[in-house]
Structures are given as C-alpha cells and as structure tokens.
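A.B. asks: Quick one, what's the 3D model for this:
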Amino acid sequence: MDEQALLGLNPNADSDFRQRALAYFEQLKISPDAWQVCAEALAQRTYSDDHIKFFCFQVLEHQVKYKYSELTTVQQQLIRETLISWLQAQMLNPQPEKTFIRNKAAQVFALLFVTEYLTRWPKFFFDILSVVDLNPRGVDLYLRILMAIDSELVDRDVVHTSEEARRNTLIKDTMREQCIPNLVESWYQILQNYQYTNSEVTCQCLEVVGAYVSWIDLSLIANDRFINMLLGHMSIEVLREEACDCLFEIVNKGMDPVDKMKLVESLCQVLQSAGFFSIDQEEDVDFLARFSKLVNGMGQSLIVSWTKLIKNGDIKNAQEALQAIETKVALMLQLLIHEDDDISSNIIGFCYDYLHILKQLPVLSDQQKANVEAIMLAVMKKLTYDEEYNFENEGEDEAMFVEYRKQLKLLLDRLAQVSPELLLASVRRVFSSTLQNWQTTRFMEVEVAIRLLYMLAEALPVSHGAHFSGDVSKASALQDMMRTLVTSGVSSYQHTSVTLEFFETVVRYEKFFTVEPQHIPCVLMAFLDHRGLRHSSAKVRSRTAYLFSRFVKSLNKQMNPFIEDILNRIQDLLELSPPENGYQSLLSSDDQLFIYETAGVLIVNSEYPAERKQALMRNLLTPLMEKFKILLEKLMLAQDEERQASLADCLNHAVGFASRTSKAFSNKQTVKQCGCSEVYLDCLQTFLPALSCPLQKDILRSGVRTFLHRMIICLEEEVLPFIPSASEHMLKDCEAKDLQEFIPLINQITAKFKIQVSPFLQQMFMPLLHAIFEVLLRPAEENDQSAALEKQMLRRSYFAFLQTVTGSGMSEVIANQGAENVERVLVTVIQGAVEYPDPIAQKTCFIILSKLVELWGGKDGPVGFADFVYKHIVPACFLAPLKQTFDLADAQTVLALSECAVTLKTIHLKRGPECVQYLQQEYLPSLQVAPEIIQEFCQALQQPDAKVFKNYLKVGIWKPYISSYSWVIF
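C.D. replies: Numbering: from 1, shown residues only. All right, here's what the predicted structure looks like:
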C-alpha cells in the first residue's frame, strides 16, 4: 500500500495528505485487485492504526457492494475467509477494536450476507456462532452483525429497488425456515449469561430482539421464559430502558386481536404487581419516558384490538377489550400530567385514540365523562409555559415545547369532538377566574387562559368564523369571554407571550367586533401604542404589524370613523429610513410593508369622496417618491460598494411600499373610482429611471419589475406607454435569472392586452430571444449544477413565453419575424420537446406545437409549414417518448406524453388522410415498425375519442429506436 497516502487518513493530517488519501481511496476502488491487499492486511493484522483498518474495511465494503459479481469463485471465497479470520482474531485480541471499526466490519458482514446467504453461504450464522461462542467480544460483534443485517433487510429509511425488496423477502422467509429458532436460542443464552455481568452486551441483545420481533414468529419471544426474563430486566437499573423498548416492540407486533389482548393484559398484571404503575415513586425520568412509550403501545394495541373486534361483530371480546382499555386510563392520566414533557408526549397517542373510541360510543358512563374531564384538565395544565422558557432567544428546548403544544392542541380538538359543551365550560371557567385577577397572576397562567380561548376557534369550528351567531349558548359564552378579554386591561400585561396571545385572539375572533363594535377603539389603541406597534420587543412589534393589517382588512366597514386618526398615528411608522441617518426605526422594512398595505386599505375602503381618497393616497406616496429621487441621485454618485448596496436596498423598499399600497385595489375600476390613477402613474415615472442606473442592477430591476406587475392590474392600458422603454433597459446586460424574472412580466402583458401589444411584441420578440439564446449558449463549468439549473429554468421561461404568445392568438408575432427566424424558433421548440430531459418543458413545447398546427397546419397555412410538420413535428412526437429519460413513472412526463398525443391528433385533424398516409407509407416504415403495429397505431390515431389514442401511446408498444436527430441551437 501507498504508506504516504495512508498518512492522510489521520484526522490531524494536513489537507494535502487528506486529499492524497482520498485520491488513493478512489484509485483502490476502481483497481481490480487492490481489495486483496486490504483483505490480506485485515486477515494478517498488518496495521495497528485504527484509521487504516477502517480504510481497509471501506475498500472491502465497496468491492462487496458494487463489484462482487465480477469476482471469481476463488476470490469470493477469499473475502469470506478474510472476514472469518478477522473475527477469529478478535477473540484473542487483548483490547477490543474501536466501536467505529466494529460497526464498519458488521456492515461488511451484512452486505456479504445479503449477497451470499441464499446461494453460497447458507450456514452464515452457524459459522459466525461457532467462532464467537459466548466470548463477550465475539458476542458484541455477532449482535452488531445482526443489527446491520436487520438494517439491510427491513430498515424503511433505506430505499430499495424492487429487485432488492424481493431478495430481502426471500432471505427473511429462508431465515424463518432455517435459522431463526437457533438465533432466538442464542439470544436467550446471551441474555441469561450476561444479564448480571455485562450490561452493554445485554442491552445490545435486547435491541436485537426488539428489532427482529417485528418479522419473526412472535411465539418464539412472547413466551414465559423470555417474558419473565425481560420483566426481570425491568428491575435492573442499567437494563430496564432497553427492556422497556424490547417489550414495546413485542406489544407492537401485529397479531390476532384476542391474542394481543391476552398478551397485553398478562404483561400489565405482572408490571402492576411489580409496582411499575406507581409513577410517583419513580424518579428516573429517562426510564419513565420509555415506560410511557410502552404504556402508550399497550393502550394503542388494545384499541386496535377493540376496533377489529367491533368490525368483526365480536361484541363479547370487544367489551373485554374496552374494559381492559378503561383500566389503563388512570395510568395514562398520571403519565399525561407528568411534569416532564417527554413522558407526557409519549402517551398522547393512547389519549387521542381513547377519545376517538369515546366519540364512537352512543352514551358515556359517569367514569368515562370523568376521564374526559381529567384529560381536559391535564391538557390545560400541560399547555402552560415553564419558567425557564426563553422567549427572547428560542432554542432547541423551546422548539420542542412548541411541537409538544401542537400535539396537545390535537388532543384539545379531539376533546371538542367528544364533548364540546364540557370543553367550552372548562375553558370559560379557567379563563374567567384567571382574567379576574390577571394583575396578580403569573404570566404563564394568563397566557394559557387566553390561548385556550384562541384554541376554541378551531376546536369548535364554524363556517367563515361565525362564532357569534347560531348556537346561542356557545355564542354567548364566547362573546362573554371576548368582552372580558378586551375590557379587562390584560393587554397591558408586562410579558411578550401574553401581549402576543392577546392580539392573536383579537384577530382570530374579529367577528366579535361586528357584534360589539363599541370595543374597536380600545383595541385599535392597543395595536397603535406601547402595547403593540411601539412595544419594546421587536418580536411583538413585528407580529403586531401583520395582525394589525389583518384586523383592519377584516373590519374595513367598521373602520371609517377612525381612518384619519389611524393614518396620523402611524405616520412615523411609514418613514423610509435611509442608511445614512443612523436612526433605528421601530419596524423592519418587511413589517412596514404591512403598515403601508393597511394604510392603502383604510384609504380605499373608506367612505370618503374620490377627491379625499386621492389626496390621502398622494400624502401617503409623495414622501416615498421624493425620497426615491434623492436616494437615486446619491446612488449614482456613491463610490463605496457597501453604501451602494444599502442605498439600493432603501430604493427597493420604497418601490415595494408603493406596490403594497396598491393591494387594496382589485382592478383598474377601483383605482379610477378612488381617483388614484394619476398618483400611481407619477410613481411609475419616478421609479422607472432606476432601470437605467448602472449600479446594483439586480435589486433595482427586481423592485421595479414587481411594481410593473401590480400596475398592469391597477392601471391596465395606461401602463402600456411605459413598457417598451422599461423592457429595453431590463434586457441590457442580462443574466439567466434576470430574463427568467422578466419573461413573466411580458407574459402578463401579452395575456392581458393581446392584440393591443402586438406592435410592441413584434418589435421586441427577436431582441428578447437573442438575449435568451446568448445566455443559454454561454459556456459553464461541467459540474456547475447551479448554472445548469438556471439554464433549465430559463428554457422553461422561454417556452412559457412562446406558449403565451401562441395561446393568446398572437401567432402572427412569430410569423412576422422572417422565415429564417421563424424556423430557428420552431426548431428550438422541437428540440425542447425531444432533446432535454425536462418533462415540464417538454409538455409546454408540445402545447406550443399543437397550437401552431391548429393555427397554421391547414391548407391555407404559411408556405413550408406542412413540410415542417412532417419533417420535424411528427418525428418529435415519436422520438420524445422513445428517449430513455422519458420516464412514465413521473407524473409530469405522463402530462408531456398526453400533450404529445394531442399534437399528433391535431396534425391528423388538420391534414386528414394525408397524415395517415404519410405515417403508413413513409415515416413508420422508415423506423422498421412492423406493418401490423403501423396499422394498429393509425387506427388508434383515427379514433374520435382522444382518450383512446392517449392510452394507446401510454402503453408504448413500439420499440425504442435510436434517433439520429440532433440540434445545436442551444
């Protein structure tokens, strides 16, 4: 071996040595006999360095995994002998190998097992066991090999081919017949021998039992001697967590419902008599988390049994199963209410399924009602934040609690399905008692009281948020709670969680304010003052900006009396903050977008006359325009790149804010009615000069482009005079991303204005295409996936543009580009349909082709187009599906094939018998297609029902002939 290269395997080696080691590894992988050197080094223990040993196993692993079939029988025998020799050596080593080496060795054994067990090495396990016997080091490796084999055979996270899946099934079947009883016996012997002397090996063995029990005969494990031993392990501190997991896997095994019920009940009796149900006596939370998972498994197994028995009509046994479930509820509640959230979280599945059973019962007993109430109280208690929760710097623990809360919410929703009246009454009781004394109550209790009210909105669903009509008692209870919420003064509570929950709930129940509009002013003030948009916490300010926007939009009819006051109060929040003033604004630019949108909504939806609306909108937008002009001048003069970037950001924000105000308008009509067309045209004239700025082009173009999209909706044809100049600037010095984002703008204009923009489209059609082709033809690094993806997306955009042009009745735009350009465009579409393995683009290309055939394919079509149909379009319809990359397992490819069928049908529709004749007599014979297949194909094509032909194409009866077609346009 290359000793110098091996030095690079050391983690402390410098990068040159590491690179050399990596290159050496790649060299050994492709070398036909290098693996033999590694095998010899392992068998003869040539190297003592752990990293070199690991390296040798990696080379062997690659050989077994990818090149084993290329080896001779003698070479394959050598690998088997090498591994057995290495295993024998481990029995004598004074020190065991490092864990990472043992794991890698186990993986190689497992790979060899799945390759050889069914053919050359049926005695694999017997050979391993004869070497390891009960030697603790050998047993350790034996168990690691078993886990690696289980991973190869049944691990659902590993993606297997259908061939591998069939092989794995056959291996498991063969193992069940030939060796599983012996393996189970070996596990029993290992557990019995090492349970008191070697906890590590015992735990490994329990893990193996738990893994294999899912696919072996359960009676081999679920019997007195094994279960008694496992229950014994439950009392040994170092073993009980693994024993718990092992019992969980046994309980989880699918089996007859009555047998499962008996198994679970016998387990429970033993566990209960051994004192495991006395949760409050147990201090080890790690064990309790595993125990909770076990109880959850037992509970859910009983529920599955009950469900099956009910379905089978076995009422007697179903009743027994329900009784068994009920006896576990007290334990379930103890675990659910436990202060450790992991323990509580592990039992939620049982809780949820139990409630599902209660929902199905015609009537609940008093005990069941008490259980429902107990679960409800537990959920309310567990929803509460801990003192340690860090609101300002949320980390992993906080994220886990948020997820846990989501689980509890699902329980609350299920409780609402079982007993909505009880849930409403319980929440009302907790809410009212908490809000009465909120000033002296801890923040987490106040927050959870409001949170429960918020959660009721989803737990007790109604259509369109109509919580305050319909069921009188429910509406009255919710109304009372909302009135308490907004009048109690709790919005002043000095904790961010309470403040946020207050605003979230107010917006969730916005319909309350249509019933009691007198509360709107005090809630508006809460939004606008130090409790909301001016809160000391940036997180609260940010969320409030969004919620305020929602509140105003949902209650726009009730806002009229407060509009001018609100606009005055938010004036400082609308300030565009230039980078040089050093002023830290209260809101981020993203938050300000919501405030601008809110201002726009207030003005547009007001009952003011058009002149007043126009004046208010001008007051809103004029400061932006003035700042924009000043900042653009500064940008043109700026030398420092960092300053240029911050100025461009600020300019982009100004355009974004103006865009956002226009969201209050749905179309040109509403803009005109408000008299606001002129102010937006002024904005357009102010912003467009930014397109000619040579600095920070990307960000400036992006902002102006977005504004143009909005103005096409709001100003319609009034925007058209600005488009040619804007397009010219946006097509200068383009990158793939610029074009990709520019094309949707042209598509929007084309689809909306159609014939109105025909002269403009004809003028810019080829410049746009030249810009696209120029970018697509630029050379890129072979492995630059980012550049390849950008080009793929640009191609899609290009074809989407052609689809928009042809689909908007504007095919003359293409036809008027001159014969040479027309042919070039058409050939790129053919190429997109056939050459590129991108089904989304292929689908678009076939849509374009079928549309062009529909428009130009008749007798009066453009000169030469009929020839193009037969020379290029017809072959494309065959060559695309024949490509190896045309994968009908992919949904997008199926859609592309469907459009391909439409194209052929359209050609037949436009050209009639001539098309059939061409296929029968010229094209298909040239591909050596058998006459009967040609006949069949043409009959399917002539069927009046298009689906018949689409299905025929999908079946794909013709063979994949190699195409000599190729284009080099892009």
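A.B. asks: Next, the contact list for the spatially closest residue to Pro724 that is not a sequence neighbour, please.
C.D. replies: Distances taken as Cβ to Cβ, 6 or more residues apart in numbering place Phe760 nearest to Pro724, at 5.7 Å, with adjacent residues excluded. In short, each C-beta sits where N, CA and C put it, glycine included. Residues counted as contacts of Phe760 (Cβ atoms under 8 Å, 6 or more residues apart in numbering) are 720, 723-724, 727.
A.B. asks: Among those residues, which ones are in helices?
C.D. replies: Counted as lying in helices by DSSP state H, out of those, are 723-724, 727.
A.B. asks: hmm, back to that, check the gap between the residue nearest to Pro724 and Ala726 for me.
C.D. replies: According to Cβ to Cβ, to the nearest Å, Phe760 stands 11 Å off from Ala726.
A.B. asks: Quick check: closest non-adjacent residue to Asn560.
C.D. replies: Asn560 sits nearest to Glu607 (Cβ to Cβ, 6+ apart), 5.2 Å away.
A.B. asks: Could you look up the SS state of the one you found?
C.D. replies: Taking DSSP: H, G, I helix; E, B strand; the rest coil as the rule, one finds Glu607 in the coil state.
A.B. asks: ok, back up a step: which members of the ones in helices among the contacts of Phe760 are classed as buried?
C.D. replies: 723, 727 (16 or more other Cβ atoms under 10 Å).
A.B. asks: got the ones in helices among the contacts of Phe760 as TSV, with distance to His709 and pLDDT columns?
C.D. replies: Shown next, in TSV, are the ones in helices among the contacts of Phe760 (distance: Cβ to Cβ, whole Å; pLDDT from 0 to 100):
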residue	distance to His709	pLDDT
Ile723	12	93
Pro724	17	93
Ser727	13	92
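A.B. asks: Can I get the ones in helices among the contacts of Phe760 in JSON lines including distance to Met764?
C.D. replies: Output for the ones in helices among the contacts of Phe760, formatted as JSON lines (distance: Cβ to Cβ, whole Å):
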{"residue": "Ile723", "distance to Met764": "9"}
{"residue": "Pro724", "distance to Met764": "7"}
{"residue": "Ser727", "distance to Met764": "6"}
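A.B. asks: List just the nearest of the ones in helices among the contacts of Phe760 to Asn652.
C.D. replies: Of all those, the one with the least separation from Asn652 (Cβ to Cβ) is Ser727, at 19.7 Å.
A.B. asks: if you skip the residues just before and after it, what's nearest to the closest one?
C.D. replies: Met764 (5.6 Å).
A.B. asks: list the contacts for that neighbour?
C.D. replies: 724, 727-728, 731, 746.
A.B. asks: Quick one: find the helix or strand in the chain with the lowest mean pLDDT.
C.D. replies: helix 3-7 (a mean of 56; mean pLDDT, DSSP states H and E).
A.B. asks: Residues contacting stretch 793-806, please?
C.D. replies: Against stretch 793-806 from outside (Cβ under 8 Å, 6+ apart): 736, 739-740, 743-744, 746-747, 750-751, 761, 765, 768-769, 772, 775-776, 811, 813-814, 825, 828-829, 832, 836, 838, 840-841, 844-845, 847-848, 851-852, 855, 970.
A.B. asks: The residues you listed in helices, which ones?
C.D. replies: Per DSSP H, the contacts of stretch 793-806 map to helices at 736, 739-740, 743-744, 746-747, 750-751, 761, 765, 768-769, 772, 775-776, 811, 813-814, 825, 828-829, 832, 840-841, 844-845, 847-848, 851-852, 855.
A.B. asks: Restricted to buried residues, select those in ChimeraX.
C.D. replies: Selecting only the buried entries of these in ChimeraX, with 16+ other Cβ under 10 Å as the criterion:
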select :736,739,740,743,746,747,750,761,765,768,769,772,775,776,811,813,814,825,828,829,832,840,841,844,845,847,848,851,852,855
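A.B. asks: Show me where the stretch 551-700 of the chain dips below the pLDDT cut-off.
C.D. replies: 579-583 (pLDDT under 70).
A.B. asks: go again using 90 as the cut-off
C.D. replies: 556-557, 576-586, 638-639, 664-675, 698 (pLDDT under 90).
A.B. asks: rewinding a little: in JSON lines, list the contacts of Phe760 along with distance to Ser549.
C.D. replies: JSON lines is the format used below for the contacts of Phe760 (distance: Cβ to Cβ, whole Å):
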{"residue": "Leu720", "distance to Ser549": "31"}
{"residue": "Ile723", "distance to Ser549": "31"}
{"residue": "Pro724", "distance to Ser549": "36"}
{"residue": "Ser727", "distance to Ser549": "33"}
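A.B. asks: For the helix or strand encompassing Ile934, which outside residues touch it?
C.D. replies: Assigned by DSSP states H and E, Ile934 belongs to helix 931-941. Residues outside helix 931-941 that contact it (Cβ under 8 Å, 6+ apart): 904-905, 908, 916, 919-920, 924-925, 929, 948-949, 952, 957-958.
A.B. asks: are any of those residues buried, and which?
C.D. replies: 904-905, 908, 916, 919, 924, 929, 949, 952, 958.
A.B. asks: Can you name the two of these that sit furthest apart?
C.D. replies: Lys905 and Val929 (19.0 Å).
A.B. asks: ok, and for stretch 116-132, which residues are buried?
C.D. replies: 116-117, 121, 124-125, 128-129, 131-132.
A.B. asks: That stretch spans what distance, first to last residue?
C.D. replies: 20 Å (Cα to Cα, to the nearest Å).
A.B. asks: related to what we said a few turns ago, widest-spaced pair of the contacts of Met764?
C.D. replies: Across the contacts of Met764 (Cβ to Cβ), the longest gap, 12.4 Å, separates Glu728 and Ile746.
A.B. asks: sorry, back to before: ok, the ones in helices among the contacts of Phe760 vs Arg531, which is closest?
C.D. replies: Ile723 (46.3 Å).
A.B. asks: Let me see the contact set for that closest one.
C.D. replies: Here Ile723 is in contact with 708, 749, 757, 760 (criterion: Cβ under 8 Å, 6+ apart).
A.B. asks: where in the stretch 851-970 of the chain is pLDDT low?
C.D. replies: 858-864, 878-879, 881-890, 924, 926-937, 940, 943-970.
A.B. asks: That one: helices as residue ranges?
C.D. replies: Taking DSSP state H, counting those that start in this stretch, the helices of the stretch 851-970 of the chain run over residues 865-868, 874-882, 891-911, 913-918, 924-926, 931-941, 946-955.
A.B. asks: Val108 is nearest to which of those helices?
C.D. replies: So among those, helix 891-911 is nearest, using Cβ to Cβ, at 38.4 Å.
A.B. asks: Which positions within that closest one qualify as buried?
C.D. replies: Buried, per 16+ other Cβ under 10 Å, within helix 891-911: 893, 895-908, 910-911.
A.B. asks: again with stretch 275-291
C.D. replies: Those would be 276-277, 279, 287-291, for stretch 275-291 by 16+ other Cβ under 10 Å.
A.B. asks: what's the answer for stretch 417-431, then?
C.D. replies: Neighbour-count burial for stretch 417-431, with 16+ other Cβ under 10 Å as criterion, is recorded at 418-419, 423-424, 426-428, 430-431.
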